[in-house]
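J.: for reference, the sequence and a predicted model appear below.
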Amino acid sequence: MYPYILSIHIIFVVCWMAGLFYIVRLFIYHTEAQAKPEPDRKILSDQFEIMERKLWYIITVPSMWVVLAAGITMLILAPAWLQQPWMQIKLCFVAGLIVYHFICQNKMKQMAKGIYKWTSTQLRIWNEVATIFLFAIVFLAVLKNGISWIYGLVGLVVLAMILMSAVKIYKYYRIKK
C-alpha cells in the first residue's frame, strides 16, 4: 500500500508545485497589465482573474489537499519516520510551503479587488521562494542523513543567491530594452 500512496503523493506534489509556480507568473503578468492603457488594462485584468481563479481552485488547492492527505497517510503507515531528524526538518519546510500557498491565495484575492502591493520584480523574487522550498524538501526526502542535509542546506543558500542574482540580472536587461 505504501508505494501506491507515495506515488500519489509525488504526482500531486508535481501538480501543486506547478500551480504555485504558474500562479505567481500570472500575478506578474497581472501586475504588469496595470501599466497598460484602458481598455487593455480592464480586458487583461479580467482575463488574468479568471485564469488565476481556475488554476487556484481547480488544480492548486485540490493538489495541496491530496499531497497532505497522502503525506499523513504515509506517516500513519510508517510512524517511525516522525522520529527521524530529517523528517522533522522536512515537515518544517512543508509548513513553510503551506504558508507560502496561503500568502499566494491572499495575493490573488487582493488583486481581484484591485490591490497591487508588490511590483513585478518583487513577485519574481517571491516566485523563487517556492523553488527554494522545493529543493529543500526534495533533498531532505532523498538524502535523509544529517551530514548530507547540512551540505544540502549550504547548497540551498547558494541556490537562493543564484536565483536572486538571476532575477536582478533579468530585470537589468528587461529595463535596458
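T.: Happy to help now that I have it.
J.: CA only for contacts and neighbour counts going forward, please
T.: Noted.
J.: report the central residue of the protein.
T.: Nearest to the mean C-alpha position of the chain, by Cα atoms, centre = their mean, lies residue 130 at 3.5 Å.
J.: packing partners for the helix-or-strand element of the chain with minimal mean pLDDT?
T.: The least trusted helix or strand in the chain, going by mean pLDDT, DSSP states H and E, turns out to be helix 146-176, with a mean of 73. The contact analysis (3 or more Cα pairs under 8 Å, 6 or more residues apart in numbering; DSSP states H and E) places helix 146-176 against helix 85-112, helix 120-143.
J.: out of those, which gets the lowest mean score?
T.: With a mean of 89, helix 120-143 has the lowest mean pLDDT of these.
J.: can I get that helix in PDB, CA atoms only?
T.: C-alpha atoms of helix 120-143 as PDB (Å, rounded to 0.1, in the frame of the first residue of the first chain):
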ATOM      1  CA  SER A 120       6.600  42.600 -10.800                       C
ATOM      2  CA  THR A 121      10.200  42.300  -9.600                       C
ATOM      3  CA  GLN A 122       9.100  41.500  -6.000                       C
ATOM      4  CA  LEU A 123       6.800  38.900  -7.400                       C
ATOM      5  CA  ARG A 124       9.600  37.400  -9.500                       C
ATOM      6  CA  ILE A 125      11.700  37.100  -6.300                       C
ATOM      7  CA  TRP A 126       8.600  35.600  -4.500                       C
ATOM      8  CA  ASN A 127       8.300  33.000  -7.200                       C
ATOM      9  CA  GLU A 128      11.800  31.800  -6.400                       C
ATOM     10  CA  VAL A 129      10.900  31.200  -2.800                       C
ATOM     11  CA  ALA A 130       8.800  28.200  -3.900                       C
ATOM     12  CA  THR A 131      11.800  26.800  -5.700                       C
ATOM     13  CA  ILE A 132      13.900  27.000  -2.600                       C
ATOM     14  CA  PHE A 133      11.200  25.200  -0.600                       C
ATOM     15  CA  LEU A 134      11.000  22.500  -3.300                       C
ATOM     16  CA  PHE A 135      14.800  22.000  -3.300                       C
ATOM     17  CA  ALA A 136      15.000  21.700   0.500                       C
ATOM     18  CA  ILE A 137      12.100  19.300   0.700                       C
ATOM     19  CA  VAL A 138      13.300  17.000  -2.100                       C
ATOM     20  CA  PHE A 139      16.900  17.000  -0.800                       C
ATOM     21  CA  LEU A 140      15.800  16.100   2.700                       C
ATOM     22  CA  ALA A 141      13.500  13.400   1.500                       C
ATOM     23  CA  VAL A 142      16.100  11.800  -0.800                       C
ATOM     24  CA  LEU A 143      19.300  12.200   1.300                       C
END
